[in-house]
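need a structure here:
(one chain, ligands or ions: 1)
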Amino acid sequence: MNQPLFLYILLQLSFLIAPFNMSAQEDYKLWLQYKKVQDTKIATNYHSKINGIVALGNSETIQTAIKEIQLGLSGLIGHQITLQKNTNTENMLILGNQSSLDEAVLKNVKSEFDLINNEGYIIKTIQLKNKKHILITAKTDIGVLYGVFNFLKLLQTNQQIENLAITDSPRINIRMLNHWDNLDRTVERGYAGFSLWNWQKLPDFIDQRYIDYARANASIGINGTVINNVNANALILTPQYLEKVEALAKVFRPYGIKVYLTARFSAPIEIGGLKTADPFDAAVKNWWKEKAAEIYARIPDFGGFLVKANSEGQPGPQNYGRNHVDGANMLADAVAPFGGIVMWRAFVYSEHDVNDRAKQAYSEFVPYDGQFRNNVIVQVKNGAIDFQPREPFHPMFGAMPKTPLMMEFQITQEYLGFSTHLVYLPKLYQEVLESDTYSKGKGSTVAKIIDGTVDNHKISGIAGVANIGNDINWTGHPFAQANWYGFGRLAWNPYQDSETIAEDWLRMTFSNDEKFIKPVKEMMLESREAVVNYMTPLGLHHIMDTGHHYGPGPWVSNLSRPDWNPTYYHKADTKGIGFDRSKTGSNATAQYSPEVAKIFDDVANCPEKDLLWFHHISWDYKLKNGETLWNSLALKYQEGVNQVESMNTTWNKMEQYVDQVRFKEVQMLLNIQHKEAKWWRDACLLYFQQYSGKELPKSVEKPTQTLNYFKSLKFPFAPGN
Ligand code: BDP
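Numbering: from 1, shown residues only. Take a look at the predicted model:
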């Protein structure tokens with residue numbers, strides 16, 4: 001080949017490859033981009049304030065902290081900050097836990113140590129022999145690592161670092177991800193590729209991804225991970241797999257992340273060769289005790305078991321005439337000698353129970369309050385049905401004062417447009433956490449129930465069903481990274497504002513430019529209400545298409561269980577629409593504290609956002625805006641579409657602030673979201689119109705297709721199913 005031609009081809013290829021690689025990396029780096037600080041004044045200031053690092057201690061966690069601070073600073077400041085032996089020169093960054101500090105340093109932070117717990121940290125500007133330094137310290141090494149990540153966050157978000165005096169501690173003990181990952185690497189309700197865990201290559205091959213996964217989690221304070229699906233496969237408990245789990249636990253340990261496993265209740269039969277899994281059977285109890293000992297011999301800091309039992313066909317104690325307490329306590333006894341816990345899920349409902357599905361978990365679990373061992377925590381979804389775009393808080397929160405309850409949020413967007421729709425979920429989480437249960441009077445918010453303050457619990461927990469897969473950008477949608485990030489931040493402190501979190505995330509992930517931050521933050525904050533509007537406004541729920549839950553399916557009524565059918569939930573008829581859960585209906589409202597029940601029970605007082613969740617309302621009923629229910633419903637669907645349209649407009653103006661690839665990705669995804677929002681609007685309104693028999697209000701666009709067309713759409717290979 002002649003040289004010019006060769007060079008020409010090379011040039012063409014590099015155009016194709018270079019931007020791809022660049023952005024692929026940016027996507028991959030999540031919120032830990034560590035890009036050079038753009039504002040030169042700020043950059044110079046950082047440079048002058050950080051001369052070197054003095055690191056005390058040499059545990060794996062401290063080594064990790066040193067690596068991270070060096071990586072972060074070299075990116076943000078633009079050159080390597082070296083390790084120093086002492087604080088003779090000023091402007092050292094001193095890292096070390098409490099016991100590693102000498103008296104001269106300690107003197108500066110004595111009172112701060114009283115303000116933090118074992119995982120908390122202190123970042124403080126101190127003076128030693130008239131020289132200023134920045135100290136990052138904690139009671140434990142993991143606290144130091146959290147301090148390092150939070151110090152880097154200050155720089156990433158361009159905050160000042162003069163006279164620092166920060167103390168911070170997590171409010172919840174167990175802050176974890178739940179991976180619904182199967183051993184064949186498919187991910188139940190996963191929309192970002194396959195499972196991260198490469199079981200076939202483990203334990204010998206340690207993918208860099210495992211390390212970066214741990215870094216990302218530690219940076220937001222996540223300290224636990226359940227690595228396999230709640231619909232569990234017993235094989236994970238065999239030596240063949242435990243060896244692989246052990247290898248992952250070893251990778252995660254320096255980052256303060258404990259591994260937990262789901263336990264299939266019938267494992268003693270399936271892999272233990274026993275005839276029964278009856279929790280009262282001596283051989284069964286013994287099998288679990290030995291299994292626990294075997295796991296702890298490999299993984300001394302193993303966290304414990306998460307169990308889905310007698311739920312959606314999974315085996316459980318009821319198969320043997322026993323109850324949830326019997327099952328949970330048997331497992332709790334097995335892990336107790338090693339300090340392990342059992343997270344027992346309350347996601348139960350039965351096709352044989354004719355009661356409103358929303359009432360069943362409460363009815364089944366509340367009578368057990370006080371009967372669980374003290375190393376059992378009951379894991380409750382945020383709402384009583386199933387991770388809908390909006391649900392009132394689960395009535396179990398506040399109803400079991402003698403039992404620690406753990407929150408289960410879904411980060412993966414099973415019912416919220418998969419990884420195709422931009423939906424900023426911390427808005428949803430915050431709404432739930434701020435809800436007042438009134439269980440011990442006004443102010444008994446869900447956040448205070450789960451962090452243990454209302455009922456004085458020692459263990460507290462929060463879990464997020466992960467949206468992570470092996471896609472280059474981890475989460476499918478670039479903005480879905482914000483949901484992982486935001487979940488972690490709220491797990492650390494459930495009282496934070498989702499707006500602050502969105503802003504931090506944007507600054508760390510994309511840019512500190514105000515012209516970018518302001519509009520894009522607004523777009524994120526509005527996105528949750530948008531999805532509610534174009535999918536399930538005014539309290540509608542579970543009207544997604546069947547099985548895969550992709551797209552609208554309000555017409556579906558032929559499933560084997562009544563409570564799997566959308567028609568069960570919306571109950572549309574010629575008179576009106578909505579599920580009557582008030583006194584005149586299923587009386588689910590009575591499961592809440594009287595103060596809350598009173599509000600939900602009364603049509604006139606019930607928040608309109610929850611109206612059709614609690615009431616069956618006539619099409620002509622007038623809402624606060626003076627419009628009929630039918631008109632309001634239609635207008636909400638249209639509003640949702642309009643909101644996505646304006647999200648598109650906002651994003652289209654952002655090209656200059658973000659790299660080309662991420663810009664295009666988000667642009668294409670927003671276009672799909674817009675298309676699908678219209679699909680939702682048209683399909684739902686055409687379907688409900690059959691019952692209302694009314695015209696659409698003028699400002700609602702005419703449907704582009706017939707109802708039959710929408711009904712005919714089938715998605716046999718929709719992901720995550
Ligand atoms: C539902 C999901 C199903 C899960 C179940 C659960 O559709 O895939 O197994 O929840 O949480 O939302 O157990």
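
pretty sure Trp288 is touching Ala334, no?
Yes - with contacts counted by C-beta atoms under 8 Å, Trp288 reaches Ala334, the gap being 4.0 Å. Glycine gets a C-beta too; all of them are placed from N, C-alpha and C.

what's the closest non-adjacent residue to Tyr687?
Spatial nearest neighbour of Tyr687, chain neighbours left out: Pro554 (4.9 Å); criterion: C-beta to C-beta, 6 or more residues apart in numbering.

Enumerate every residue touching the one you found.
543, 566-567, 570, 572, 683-684, 687-688 (C-beta atoms under 8 Å, 6 or more residues apart in numbering).

quick one: which of these has the most company?
Neighbour tally across those (other C-beta atoms under 10 Å): the maximum, 27 neighbours, falls on Cys684.

buried sites along the one helix or strand it maps to?
Element membership of Cys684 [criterion: DSSP states H and E] is helix 660-692. Of all the residues in helix 660-692, those buried under the rule 16 or more other C-beta atoms under 10 Å are 661-663, 665-666, 669-670, 673-674, 676-689, 691-692.

Now do the strands in the stretch 451-600 of the chain.
Using DSSP state E, counting those that start in this stretch, the strands of the stretch 451-600 of the chain run over 461-465, 576-577.

near the ligand, which residues of the chain?
The interface of the chain toward the ligand, taken as C-beta under 6 Å from any ligand atom, is made up of 188-189, 230-231, 308, 312, 347, 386-387, 414.

Relative to the ligand, how far out is the residue nearest to Tyr687?
Pro554 sits 18 Å away from the ligand, going by C-beta to the nearest ligand atom, to the nearest Å.

Could you list the low-pLDDT ranges of the protein?
Low-confidence segments of the chain, defined by pLDDT under 70: 1-24.

Relative to the ligand, which residue of this protein is the closest?
Residue nearest to the ligand within the chain: Asp386 (4.5 Å; C-beta to the nearest ligand atom).

wait, what's in contact with that residue?
Neighbouring residues of Asp386 by C-beta under 8 Å, 6+ apart: 347, 415, 542.

ok, Gly57 - contacts?
The contact partners of Gly57, taken as C-beta under 8 Å, 6+ apart, are 96-97, 100, 141, 144.

what helix or strand does it sit in?
Applying DSSP H and E, one finds Gly57 in no helix or strand.

cool, and Lys250?
Residue-wise, Lys250 maps onto helix 239-252 under DSSP H and E.

Now that helix: buried residues?
Buried, per 16+ other C-beta under 10 Å, within helix 239-252: 241-242, 244-252.

and the residue nearest to Glu434 when sequence neighbours are not counted, what are its bridge partners?
Distances taken as C-beta to C-beta, 6+ apart place Thr445 nearest to Glu434, at 5.8 Å, with adjacent residues excluded. As for beta bridges, Thr445 partners with Asp436 under DSSP bridges.

Could you verify my assumption that Thr445 touches Tyr438?
No - if you go by C-beta under 8 Å, Thr445 and Tyr438 don't touch, sitting 9.5 Å apart.

Could you pull out the strands in the stretch 51-200 of the chain for me?
52-55, 92-97, 121-128, 131-138, 165-168, 174-178.

Let me know which of these is tucked in deepest.
strand 174-178 (a mean of 26; mean count of other C-beta atoms under 10 Å).

For the nearest residue to Leu154 once chain neighbours are set aside, which residues are in contact?
Nearest residue to Leu154, sequence neighbours excluded (C-beta to C-beta, 6+ apart): Ile161, at 5.9 Å. Residues near Ile161 by C-beta under 8 Å, 6+ apart: 45-46, 49, 125, 134, 154-155.

cutoff 7 Å now
By C-beta atoms under 7 Å, 6 or more residues apart in numbering, the contact list for Ile161 reads 46, 49, 134, 154.

Could you do Trp344 as well?
307, 324, 328, 376, 378-379.

Pairing partners for whichever strand or helix holds it, with directions?
Trp344 belongs to strand 341-345 when assigned by DSSP H and E. Strand pairing for strand 341-345, determined by DSSP bridges: strand 304-307 (parallel), strand 376-381 (parallel).

Out of the ones you listed, which is the most enclosed?
Of the strands paired with strand 341-345, strand 304-307 is the most buried (mean count of other C-beta under 10 Å), at a mean of 28.

which other helices and strands contact the helix or strand just after that strand?
Counting by DSSP H and E, the element after strand 304-307 in chain order, helix or strand, is helix 324-335. Contacts defined by 3 or more C-beta pairs under 7 Å, 6 or more residues apart in numbering; DSSP states H and E place helix 324-335 against helix 282-298, strand 304-307, strand 341-345, strand 376-381.

residues in contact with helix 324-335?
263, 265, 279-280, 285, 288-289, 292, 304-305, 307, 309, 316-317, 341-342, 344, 365, 368, 371-373, 375-376.

re the thing from before, now the contacts of Trp344 in a markdown table, with distance to Gln360?
Below are the contacts of Trp344 laid out as a markdown table (distance: C-beta to C-beta, whole Å):
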| residue | distance to Gln360 |
| --- | --- |
| Val307 | 18 |
| His324 | 13 |
| Ala328 | 18 |
| Val376 | 20 |
| Val378 | 15 |
| Gln379 | 16 |
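
related to what we said a few turns ago, looking at the helices and strands packed on helix 324-335, which is nearest to Ala597?
Counting by C-beta to C-beta, Ala597 lies closest to strand 376-381 out of the helices and strands packed on helix 324-335; the figure is 18.5 Å.

After the closest one, which helix or strand is next? Please name it.
strand 405-410.

Please name the strands paired to that next one in the sheet, noting orientation.
If you go by DSSP bridges, strand 405-410 pairs up with strand 376-381 (parallel), strand 461-465 (parallel).

Save the ones you listed as TSV, and put in distance to Ala399 too.
Shown next, in TSV, are these (distance: least, C-beta to C-beta, whole Å):
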stretch	distance to Ala399
strand 376-381	10
strand 461-465	17
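
before we move on, the earlier item: what's the helix holding Cys684 packed up against?
Against helix 660-692 (3+ C-beta pairs under 7 Å, 6+ apart) you get helix 3-28, helix 514-535, helix 629-652, helix 707-712.

got a markdown table for these, with mean neighbour count too?
As requested, the helices and strands packed on helix 660-692 are arranged in a markdown table below (neighbours: other C-beta atoms under 10 Å):
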| stretch | mean neighbour count |
| --- | --- |
| helix 3-28 | 12 |
| helix 514-535 | 21 |
| helix 629-652 | 21 |
| helix 707-712 | 14 |
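
Throw those into CSV and include distance to Leu183, thanks.
Shown next, in CSV, are the helices and strands packed on helix 660-692 (distance: least, C-beta to C-beta, whole Å):
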stretch, distance to Leu183
helix 3-28, 25
helix 514-535, 32
helix 629-652, 38
helix 707-712, 36
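
Of those, which is nearest Gly488?
Comparing the helices and strands packed on helix 660-692 by C-beta to C-beta, helix 514-535 comes nearest, at 16.3 Å.
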